[in-house]
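Visitor: Starting from these lines, generate the structure:
(2 chains)
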Number of protein chains: 2
Amino acid sequence: MEKPYYAVIFTSTRTEGDKGYAEMANEMEALAKKEPGFIGIEAAREDVGITVSYWENLAAIATWKKNLDHDLAQKKGQKEWYSWYKVRICLVEREYEFNTSTP
Amino acid sequence: MEKPYYAVIFTSTRTEGDKGYAEMANEMEALAKKEPGFIGIEAAREDVGITVSYWENLAAIATWKKNLDHDLAQKKGQKEWYSWYKVRICLVEREYEFNTSTP
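Guide: Numbering: from 1, shown residues only, chains lettered A, B, ... in the order given. Prediction:
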């Protein structure tokens, strides 16, 4: 790893019904990708939804959060979509990778 | 947050077929829960699988990794199950939570 970077772990449980959620989630992801300092995003949902986004620094996360809050507020309350969520802002201290295509 | 703690973000893509994967994944989760320093685990899989486990300190993660490697080696190579994976060890610096049942 060249430089330290950050992970935002967003775990959540959904309320019943879509209520525009899927569309919003796609938009939010597209929005994140345009942010300065954005590195990547990964998401999956089964019983619980986990979205992890990666950022160059805390300032980028703060800017993203501000945009996200603003955007969500303009649309629907988060309470419509989530029965529970938790956000963790984490410093990635170490990483390793495995790939079948690696010789 | 009372004390700093750690998150291990494990992201992966699967090979074709189960090949004992589901059983192994359940066992590994049960094993993790018995480890000293274990706090919790959350997992979901769609295109990508994301498992995040939470630990009290780096020593607990190191012990868990050693047990995991040993157990996996006794069973099947990780290469049978995963076409790609990445492990990130992260210090949780900040967190906040939303719950509909919170007054």
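Visitor: how many neighbours does residue A:53 have?
Guide: Other residues near residue A:53 come to 23 when the count uses other C-beta atoms under 10 Å in any protein chain shown. From N, CA and C alone the C-beta is placed, and that goes for glycine too.
Visitor: which residues does it contact?
Guide: Going by C-beta atoms under 8 Å, 6 or more residues apart in numbering or on different chains, residue A:53 touches A:7, A:8, A:10, A:32, A:38, A:39, A:40, A:41, A:42, A:64.
Visitor: most neighbours, which of these?
Guide: Neighbour counts for those, by other C-beta under 10 Å, peak at residue A:7, which reaches 24 neighbours.
Visitor: and the host helix or strand of it, anywhere near chain B?
Guide: Assigned by DSSP states H and E, residue A:7 belongs to strand A:5-14. Yes: counting by C-beta under 8 Å from any C-beta of the partner chain, chain B is contacted by strand A:5-14 at A:7, A:9, A:11.
Visitor: and which of the contacts of residue A:53 is nearest to residue A:94?
Guide: residue A:7 (12.1 Å; C-beta to C-beta).
Visitor: And the nearest residue to that closest one once chain neighbours are set aside, which helix or strand is it part of?
Guide: Leaving aside its chain neighbours, residue A:7 sits nearest to residue A:90 (4.7 Å; criterion: C-beta to C-beta, 6 or more residues apart in numbering or on different chains). Taking DSSP H and E as the criterion, residue A:90 maps to strand A:82-99.
Visitor: what comes up buried for that strand?
Guide: In terms of neighbour count (16 or more other C-beta atoms under 10 Å in any protein chain shown), strand A:82-99 has its buried residues at A:82, A:84, A:85, A:86, A:87, A:88, A:89, A:90, A:92.
Visitor: before we move on, what about stretch A:25-37?
Guide: Here stretch A:25-37 shows A:25, A:28, A:32, A:35, A:37 as buried, counting by 16+ other C-beta under 10 Å.
Visitor: quick one: contacts of it?
Guide: Outside stretch A:25-37, the residues that touch it by C-beta under 8 Å, 6+ apart are A:38, A:41, A:43, A:53, A:55-57, A:59-61, A:63-64, A:67-68, A:71.
Visitor: Show me what the helix or strand of chain A with the lowest mean pLDDT is packed up against.
Guide: The weakest-scoring helix or strand in chain A, judged by mean pLDDT, DSSP states H and E, is helix A:78-81 (a mean of 80). If you count contacts as 3 or more C-beta pairs under 8 Å, 6 or more residues apart in numbering or on different chains; DSSP states H and E, helix A:78-81 packs onto no helix or strand.
Visitor: CA atoms only for it, dumped as CSV, please.
Guide: The C-alpha coordinates for helix A:78-81 follow below in CSV (Å, rounded to 0.1, in the frame of the first residue of the first chain):
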residue,chain,number,x,y,z
GLN,A,78,-33.4,8.0,5.5
LYS,A,79,-36.0,6.6,7.9
GLU,A,80,-38.1,5.5,5.0
TRP,A,81,-35.4,3.2,3.7
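Visitor: Give me the contacts around that helix.
Guide: With C-beta under 8 Å, 6+ apart as the test, helix A:78-81 has contacts from A:14, A:15, A:19, A:21, A:24, A:72, A:85, B:98, B:100.
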